[in-house]
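Novice: Just a sequence and a predicted model for now, questions to come.
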Amino acid sequence: MPRVLRSLQAILTAVGITAASILPAFAQPTPGTEISPAPAEVDQIPEPAPDETPIPFGPEPPPAPVEAVAPPVVETETETAAASETMIASATGLILPMPGEWFAALQRIKPPQWRALYRPPVPANFSYRPRIAFNLGTVFADAFLASQATDAQQVKNLGRDLVELTRGLGVATAVTARLNSITDTADQADWLTLHTSLEAALNEVSVALVHQQDRDLVTLISLGLWLRSLMIVSAVVDEEYSPEGALLLRQSRVAELLQVRMQMFSPRQKEDPRFISLMERVDTICTMVTIPLGELPTPQEAESIHRASELLIEDFSRRDQL
């Protein structure tokens, strides 16, 4: 034992203190070895308990069990629609899930054939502005779908459709630069940036419409975005049912928010026969997706949700026939 340690041990023994009582972390030395303290308790990071789940890091979490796969709107006993990190609030304060959240959840469950979910182009020359707004929302959802499919040409095609539809609402000037950048980003195959740019473009359209005192149109854009996303997801669930996929169709809180928002439309708007027809059919779909916590839609219910959303979108995308 080195001389200094022997002296220290002698002093401690003389006052009745043993080295073990004040240095519990030190190992007993052996000749020729260096004494090394173990890490102090305050520096030790305990292992998570068996029933605890470490917080995941990184952009893509691993596949989760059925109850852990988060739907676009996470419903708890307090049911808050702001639980999803990818949700954004529109300029009217209406909070809805973004299509990218739906599609990312499907991708984690089982990647579908994204391009098989495309639909024919939507006409842009509508005269009824609420119809333009609704279809603008559905085309934004189509653009998110094309991005998920990493289909640059389809993104560019839809970008042109978005410009035409925003022109019909009088807000093309506010978003043309952003929409043009989306085309450039698609050429570069920068899908993460493209996703962010689509969200930004959607918000810019909403802000521009609010400045025009067209809040009702912002709600209709959000409605079209949500219904087209619901149509896509329900098509996948209907094709290959799974509890994880069915969980995405439980949209109780979103349905409630949309119904409340549509009741706030102007009296003139609510008296229009075209709008009355739309509201009635949206109410039916909202009832379908209002599912109690702890329950899942059945395969038959998933099929009904898909069919109802598909028919509504098809009818409302025709040139002023509804």
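Specialist: Happy to help now that I have it. Since we're looking at a predicted model, the values are computed, not measured.

Novice: so where's the stretch 151-300 of the chain shaky on pLDDT?
Specialist: Within the stretch 151-300 of the chain, not a single segment meets pLDDT under 70.

Novice: Which parts of this structure are helices?
Specialist: 3-14, 19-22, 99-109, 129-148, 152-168, 172-187, 191-211, 215-239, 243-247, 252-263, 267-270, 273-289, 299-316 (DSSP state H).

Novice: Now tabulate those in JSON lines and tack on distance to Pro120.
Specialist: Any C-beta I mention is one placed from the backbone N, CA and C, and that applies to glycine too. Formatted as JSON lines, these follow (distance: least, C-beta to C-beta, whole Å):
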{"stretch": "helix 3-14", "distance to Pro120": "85"}
{"stretch": "helix 19-22", "distance to Pro120": "81"}
{"stretch": "helix 99-109", "distance to Pro120": "19"}
{"stretch": "helix 129-148", "distance to Pro120": "11"}
{"stretch": "helix 152-168", "distance to Pro120": "11"}
{"stretch": "helix 172-187", "distance to Pro120": "20"}
{"stretch": "helix 191-211", "distance to Pro120": "21"}
{"stretch": "helix 215-239", "distance to Pro120": "13"}
{"stretch": "helix 243-247", "distance to Pro120": "25"}
{"stretch": "helix 252-263", "distance to Pro120": "26"}
{"stretch": "helix 267-270", "distance to Pro120": "28"}
{"stretch": "helix 273-289", "distance to Pro120": "21"}
{"stretch": "helix 299-316", "distance to Pro120": "10"}
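
Novice: between those helices, which one is nearest to Pro121?
Specialist: When the helices of the chain are compared for distance to Pro121 using C-beta to C-beta, the nearest one is helix 152-168, at 6.5 Å.

Novice: Counting by contacts, list what that closest one packs against.
Specialist: helix 129-148, helix 172-187, helix 191-211 (3 or more C-beta pairs under 8 Å, 6 or more residues apart in numbering; DSSP states H and E).

Novice: let's see it at 7 Å
Specialist: Contacts defined by 3 or more C-beta pairs under 7 Å, 6 or more residues apart in numbering; DSSP states H and E place helix 152-168 against helix 129-148, helix 172-187.

Novice: any idea which of the ones you listed is most buried?
Specialist: helix 129-148 (a mean of 25; mean count of other C-beta atoms under 10 Å).

Novice: per-residue confidence averaged over it?
Specialist: Here helix 129-148 scores 96 as its mean pLDDT.

Novice: Could you report the separation of Ser181 from Trp114?
Specialist: Ser181 sits 23 Å away from Trp114, going by C-beta to C-beta, to the nearest Å.

Novice: what does Met279 give?
Specialist: 31 Å.

Novice: Quick one: closest of the helices and strands packed on helix 152-168 to Asp238.
Specialist: helix 129-148 (16.4 Å).

Novice: Contacts for the closest one, please.
Specialist: 99-100, 103, 114, 117, 122, 126, 154-155, 158, 161-162, 165-166, 168-169, 191, 194-195, 198, 202, 217, 220-225, 227-229, 232, 275, 313, 316-317, 320 (C-beta atoms under 7 Å, 6 or more residues apart in numbering).
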